[in-house]
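Chemist: after the sequence you'll find the predicted model.
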Amino acid sequence: MTQQKINLTHLKQYLKSCSQEELISDIAELFKKFPSVKDYYQIKLYPQEDKEIATKYKKIIESEFFPTRGLGKARLSVAKKAISDYKKICKTDAALIDVMLFYVEQGVKFTKAYGDIDEPFYLSMEGVYEQAVGIIIKSNLKDIFQQRCRKIMENTSGMGWGFHDTLTEVYQEAF
């Protein structure tokens, strides 16, 4: 006999059956165990501190490319997870775009520092850049991010695997 998987309906039924004290206890336990829950409530209760939380996720990204000691590992999965985790808790598209473009900027900086990387690296950078530009267009934030996107694109000149060409195409179609 297989165990039934919990879904949102089951969770809501469970939560409705709990007392207020039990709910508070459950949320407090989640808060202690999961840093992303803590970050979520930090932004929810103190929206003015969103930049501090964004900085935390940017630091995770930066550490993958340029740690304070040693060489960067450039584990894209770790850096992209930081974007994904931040996306779940951030309140504005502008804040998410900022973190996404920071990822691409770090990738470009890494390439300039260490030389040509491989195709999967560039495909990841291109994908995040394209997603960020898509959110910029959808959210009507061109005025805020156009110069930054242009600078990223210009900084890729001469990089391999068609990286510059792809970013140029995305930029020109959007702006």
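Modeler: Okay, I see it.
Chemist: for this structure, which helix is longest?
Modeler: With secondary structure taken from DSSP state H, the chain has its longest helix at helix 93-114.
Chemist: mind listing residues that contact stretch 168-175?
Modeler: Contacting residues not belonging to stretch 168-175 are listed as E126, Y129, E130, V133, I136, I137, K142, Q146, C149, R150, M153 [Cβ atoms under 8 Å, 6 or more residues apart in numbering]. For the C-beta atoms, the positions are set from N, CA and C on the backbone; glycine is no exception.
Chemist: so the second one versus E119, what's the distance?
Modeler: I take that to be Y129. Computed as Cβ to Cβ, to the nearest Å, the Y129 to E119 distance reads 15 Å.
Chemist: comparing those two, which residue is more hemmed in?
Modeler: Each of Y129 and E119 has its neighbours counted (other Cβ atoms under 10 Å); Y129 has more, 26 against 11.
Chemist: restricting to C-alpha, output the helix or strand harbouring K59 in PDB.
Modeler: Under the criterion of DSSP states H and E, K59 resides in helix 50-65. In PDB, the C-alpha atoms belonging to helix 50-65 read as follows (Å, rounded to 0.1, in the frame of the first residue of the first chain):
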ATOM      1  CA  ASP A  50      14.200  43.600   0.900                       C
ATOM      2  CA  LYS A  51      17.500  45.000  -0.400                       C
ATOM      3  CA  GLU A  52      19.400  43.400   2.500                       C
ATOM      4  CA  ILE A  53      17.800  40.000   1.700                       C
ATOM      5  CA  ALA A  54      18.600  40.500  -2.000                       C
ATOM      6  CA  THR A  55      22.200  41.200  -1.000                       C
ATOM      7  CA  LYS A  56      22.300  37.900   0.900                       C
ATOM      8  CA  TYR A  57      21.400  36.000  -2.300                       C
ATOM      9  CA  LYS A  58      23.800  38.100  -4.400                       C
ATOM     10  CA  LYS A  59      26.500  37.100  -2.000                       C
ATOM     11  CA  ILE A  60      25.800  33.500  -2.600                       C
ATOM     12  CA  ILE A  61      26.100  34.100  -6.400                       C
ATOM     13  CA  GLU A  62      29.200  36.200  -6.000                       C
ATOM     14  CA  SER A  63      30.900  33.500  -3.800                       C
ATOM     15  CA  GLU A  64      30.400  30.900  -6.600                       C
ATOM     16  CA  PHE A  65      32.400  33.100  -9.000                       C
END
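Chemist: per-residue confidence for the residue most central in space within the chain?
Modeler: Central residue of the chain (Cα atoms, centre = their mean): I83, 1.6 Å from the mean position. Looking at I83, its pLDDT is 98.
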